[in-house]
Every structure is written in structure tokens, then in C-alpha cells.
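Participant: Curious how this folds, go ahead:
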Amino acid sequence: MRRKTASIQRLPSGPWSLPIIGNVHQLNAGHQHHTMAQWGGVYGDLVYARIFRTPVLVLNSVKVARELLDRKSSATSGRPRMMFLTEMLGWDSGIAFMQYGKRWKRHRTWICAAFESKESSSKYQPLQRREARNLLLNIIQAPTLFERHLSRFTAAIIMEIVYGHTMTSADDVFVKRADRAIQGTVDAGQIPATLIDLFPFLWSLPSWLPGMGFKARALELRKLIQETLDAPYVIATEAMSTGIAKSSFVADIIHDHFPHGMTEVDERDIKGAATAIYIGTRSLTTTVLSTFILAMVLYPEIYKKAQDEIDRVVGDSRLPDFDDRPCLPYLNCIVKELYRWNSPAPLGELIHAESYAGYDIPGDTILIPNIWAMTQNTIVYRQPDQFCPERFLAVQDADSDDHDPRKYIFGFGRRICPGRHFADSEIWLVVACIAATFDITKARDINGSEITPEVAFTQSFTSRPKAYACQIHPRTTRATLVAQLHLS
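Facilitator: Numbers count the residues shown, from 1 in each chain. Just a heads-up that it's a prediction; the model follows:
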């Protein structure tokens with residue numbers, strides 16, 4: 001049943017919707033971005049739909065997203081109320097789920113001061129170098145556990161930056177707790193979240209009623225989330241009280257903004273901002289690095305070109321460093337293609353809209369930037385399913401807003417990721433160091449036949465490659481160098 005008011009209201013085109021549920025039945029769980037992109041092929045870059053009673057506007061192109069989210073950011077920076085995630089699970093102090101207002105601006109100001117500019121991000125380079133070398137050494141020692149090593153690498157950097165906590169083990173108690181909280185939030189499922197958001201009275205029903213079992217699980221998860229917010233913060237503040245604290249996001253905020261003490265609200269805001277940095281940076285970086293190794297297994301000729309470029313520019317007496325980036329154009333193209341081939345976050349943040357010139361859009365409409373559709377646009381990118389760094393070489397508009405994925409995969413408007421420069425430089429360094437240090441090939445089965453990994457990605461907060469196997473062998477000269485650097 002299509003909206004009867006369409007003849008009165010000037011709404012963008014969209015799929016036929018049903019009473020009560022709207023277009024929910026058409027959205028395949030975990031692959032909504034594919035369905036929304038298909039809608040775009042039929043109805044255009046702007047697609048109007050309904051998720052139950054909520055009007056939704058899908059933005060399938062960079063141009064439309066720029067017009068709505070950048071140029072009209074004062075009207076499109078809000079957030080829909082996510083009752084299940086915020087009020088039920090306790091993620092209300094996370095900037096990603098926060099309404100646009102004074103509290104959001106406070107968090108944003110803190111995070112931007114630490115990460116927004118390229119200059120502020122450069123102060124973390126010594127730590128990134130150190131952990132990149134640790135990553136290389138760990139891969140040399142146990143190459144089959146590369147996913148575990150990548151995960152440890154990203155966690156170690158962000159834990160030290162945010163809390164001043166140095167990880168000594170991949171089984172760090174704070175990291176494992178945070179990972180359980182993140183995975184638990186994903187596993188809690190979209191259906192309970194959607195139902196609670198639409199029908200808040202369900203939360204007051206007893207958990208023994210049929211279909212209410214998720215309430216008990218949500219309460220347990222809420223406890224875990226609170227521990228995730230509290231525990232590393234306590235470690236940071238205790239170190240400050242004893243005078244042994246390292247410089248960190250938490251320590252610097254307390255020192256600079258609250259020299260005479262804090263309220264409970266202040267503490268909750270610092271905890272929320274710190275946890276948001278950890279979750280956002282860790283998820284994105286780990287996803288892109290895992291995608292890199294998968295792509296290099298599948299496209300060995302591309303990997304060889306990257307290695308040749310590094311050998312030619314850097315030589316074999318040292319590892320690549322940040323200053324080498326301008327001299328490694330092909331490697332830069334590989335990083336761009338990583339962002340495009342598998343966007344870490346296929347759907348951007350949900351944004352609460354007010355209006356849009358030319359259309360009578362209801363005031364409670366939610367805007368969904370479909371970043372996956374933007375990366376797969378066949379007009380901008382030929383054969384988008386193929387991993388092809390060459391698409392960014394010798395292209396006149398290679399750095400334009402709609403061609404360079406770095407210009408849009410980190411979000412839009414006032415909600416663009418403030419840590420994008422930090423994450424991008426960290427990803428580049430690891431990609432360069434891995435290519436310099438290792439040969440990566442397909443794994444082999446018991447008969448010696450090559451195993452070609454499937455190009456398949458999990459869908460939750462990020463789009464990570466599904467588990468795959470490969471062979472990683474050190475290149476002798478660089479492996480020796482890594483060992484020497486570790487000893488020194």
C-alpha cells in the first residue's frame with residue numbers, strides 16, 4: 001500500500017510499502033546496504049521508504065549526501081532516539097548515539113582536539129611505529145595468527161592513547177571486556193532494538209512473557225557495558241593520583257578542563273568519549289587491515305607491484321616510515337582502493353533530518369547515507385567488484401570528492417569521523433610495513449592445492465572479511481631488521 005498522501009506531499013520516489021511495517025520486509029538483515037543500493041538503481045540517488053512508522057531517506061550518491069549532510073549540516077546533524085542502545089544498554093554517553101546539542105558538542109570538542117588535525121595526529125607517530133614493529137615481530141613468530149596480531153595492534157595503540165595503559169598481552173582484560181561488550185551489542189540483534197525503539201512500553205513487560213527473553217540478556221549486557229566504561233577510566237585516574245600517569249586522552253581532559261574537580265556528569269562524559277574513541281578507531285582499523293591481507297592474497301600481482309615500489313624507494317636497510325608516503329604513489333592507491341573495495345562501515349550514521357529543498361520531507365525523517373552504494377557506483381568506478389588500485393593512478397579527478405573514497409567513507413557534515421587522519425596514517429604505515437616485510441600467498445590444502453579465499457564480509461557495525469587462511473613468509477632481509485629493531 002503506497003502512501004496516499006504522495007499526491008499532496010512532494011516526496012522522493014521509493015519502493016511500495018505495506019501498512020504498519022513499511023518496507024521492513026524488503027530489508028535483508030545484515031545486507032540492508034545492498035537492498036538500498038538496488039532501490040537506488042530503480043528510484044534514483046534519493047529513495048524514500050518507511051521502517052515501520054518511521055520515514056527514511058536513503059542517500060545513494062556522494063553528491064546527494066554532500067548537499068544534504070554537508071551544506072545543510074545545521075538541519076541534518078541530529079540523531080534519532082535509539083532507546084534500546086542508549087537507555088536500555090547504557091550507550092547513552094557515546095557520541096555516536098548522542099543527540100546533537102551541548103553535550104554532543106562537548107564530546108566532539110574533546111575528541112577533535114586530540115585527533116582532528118593532521119598536526120595533532122602526528123604526535124602519536126612514535127607509538128604507531130613501535131606497535132607496527134611489534135606487529136611485524138608477532139607475525140614473524142606466529143603467522144597463522146595474523147588476525148589476532150592485527151587486533152592486538154589496534155587495541156594496544158588506542159588503549160595507550162586514550163587511557164595511558166600499555167598492553168603486555170593480547171589477552172588484556174580491558175580489551176577482552178570491551179570486545180565482549182561490542183560483540184554483545186551486535187548479537188543483541190536489530191529486531192529487539194527496533195521493537196523497543198518503536199514500542200517503548202515493551203521494556204516494562206515482565207521478561208517471563210513469550211518473546212521478552214531478550215530483556216534478561218540486555219540487563220546482563222548493560223552491566224558489561226558499564227564495566228567497559230568504568231574499568232580503564234579507573235586505572236587512568238588512579239595513575240594520576242599517584243603521580244605516575246602517562247599523557248593520555250583521559251588524563252589530559254581531566255588536567256586541562258577539571259583542575260578543581262568533576263561532577264558525576266563530567267566523569268560520565270569523559271568515560272563515554274574515551275570509550276567511543278576506542279570502539280570507533282579499533283573497529284575501523286582492524287577491518288581495513290584484514291581487508292588488505294585478503295586483497296593481497298587474491299591479487300598477488302598488485303602486491304608484487306607494491307613491494308617493488310617500496311624496495312625501489314625505501315631500500316632494504318630500513319622499514320617504511322610516514323615521510324615516505326608522498327614517494328609511494330602506488331601504495332597510496334592501494335590504501336584508497338581498500339576503503340572503496342570494502343567500506344568499513346557500509347551504512348553511515350543515521351541522521352535526523354528536518355527538511356530538504358524541493359521535497360516535502362516529514363520532520364522526523366531519518367537520513368541514511370549508503371556509503372557502500374557510493375563505493376560501488378559504476379559511473380565513478382569501472383568494475384567496482386574488482387580490486388584495482390590503478391583506477392586512482394593518472395586520473396584527473398582522482399582526488400575529487402566523489403572519486404577519492406577517503407573523502408566520504410569517514411562520514412559527512414558535523415558527524416564526520418574526527419579521527420580520520422589518525423586512522424588513515426596508521427593504516428598506511430602498517431600496509432607499507434607488511435608489504436616490505438612479508439610475502440603473502442594463498443594457503444594450501446593437504447594435497448598441496450591452493451585455497452582461494454571467498455570474498456565475503458560479516459555485517460555488523462563494520463564490514464569485516466569472514467575468516468580466511470593464507471600463508472605469510474618473511475622476506476629474509478627485512479625480517480632480520482625487525483628482529484634487530486626489537487632487540488634495540
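Participant: which residue is nearest the middle of this protein?
Facilitator: Leu284 (3.3 Å; Cα atoms, centre = their mean).
Participant: Isn't that one up against Pro344?
Facilitator: Yes. Here Leu284 reaches Pro344: they are 4.7 Å apart, a contact under Cβ atoms under 8 Å. C-beta coordinates here come from the backbone N, C-alpha and C atoms, glycine included.
Participant: Work out for me the element Lys442 sits within.
Facilitator: Lys442 belongs to strand 438-444 when assigned by DSSP states H and E.
Participant: So which elements touch that strand?
Facilitator: Contact here means 3 or more Cβ pairs under 8 Å, 6 or more residues apart in numbering; DSSP states H and E; on that basis strand 438-444 packs against helix 264-298, helix 300-314, strand 450-451, strand 470-474.
Participant: okay, and the common contacts of Leu284 and Pro344?
Facilitator: Among the neighbours of Leu284, those also in contact with Pro344 (Cβ atoms under 8 Å, 6 or more residues apart in numbering) are Thr462.
Participant: Please report the distance of Gln141 from Pro474.
Facilitator: For Gln141, the distance to Pro474 equals 10 Å [Cβ to Cβ, to the nearest Å].
Participant: the more surrounded of these two?
Facilitator: Pro474 (17 against 10; other Cβ atoms under 10 Å).
Participant: list the contacts for Ala132?
Facilitator: So Ala132 contacts 153, 319, 429-430, 433 (Cβ under 8 Å, 6+ apart).
Participant: Let me know the pLDDT of it.
Facilitator: pLDDT recorded at Ala132 is 96.
Participant: phi, psi of it?
Facilitator: As for Ala132, its main-chain torsions (degrees, to the nearest 10) stand at phi -60, psi -40.
Participant: Next: Ile368.
Facilitator: phi -120, psi 100.
Participant: Likewise for Tyr100?
Facilitator: Residue torsions, per degrees, to the nearest 10, at Tyr100 are phi -70, psi 120.
Participant: how many neighbours does it have?
Facilitator: 18.
Participant: And the strands in the stretch 1-150 of the chain?
Facilitator: Secondary structure of the stretch 1-150 of the chain by DSSP state E, counting those that start in this stretch: the strands cover 46-51, 54-59.
Participant: Would you mind listing where this structure has pLDDT under the threshold?
Facilitator: Counting by pLDDT under 70, the chain has low-confidence residues at 1-9, 29-30, 189-194, 348-357, 395-401, 460-461, 486-488.
Participant: 80 - rerun?
Facilitator: The model of the chain has pLDDT under 80 over residues 1-9, 28-30, 72-81, 117-121, 187-214, 346-358, 360-364, 394-402, 459-462, 476-488.
Participant: so how far is Tyr278 from the closest residue to Met262 other than its chain neighbours?
Facilitator: Sequence neighbours aside, Ile254 is the residue nearest to Met262 in space, at 7.1 Å (criterion: Cβ to Cβ, 6 or more residues apart in numbering). Taking Cβ to Cβ as the measure, Ile254 falls 17 Å from Tyr278.
Participant: swap in Ile157?
Facilitator: The gap separating Ile157 from Tyr278 is 10 Å, by Cβ to Cβ.
Participant: again with Lys271
Facilitator: Noted for Lys271: a distance of 11 Å to Tyr278, by Cβ to Cβ.
Participant: Equivalent analysis for Glu147, please.
Facilitator: With distances taken as Cβ to Cβ, Glu147 is found 19 Å from Tyr278.
Participant: of those two, who's got more company?
Facilitator: Comparing Glu147 with Tyr278 by neighbour count (other Cβ under 10 Å), the higher total belongs to Tyr278, at 24 against 16.
Participant: I'd say the more buried one and Ala178 touch.
Facilitator: Yes. Taking contacts as Cβ under 8 Å, Tyr278 lies within contact range of Ala178: 6.4 Å.
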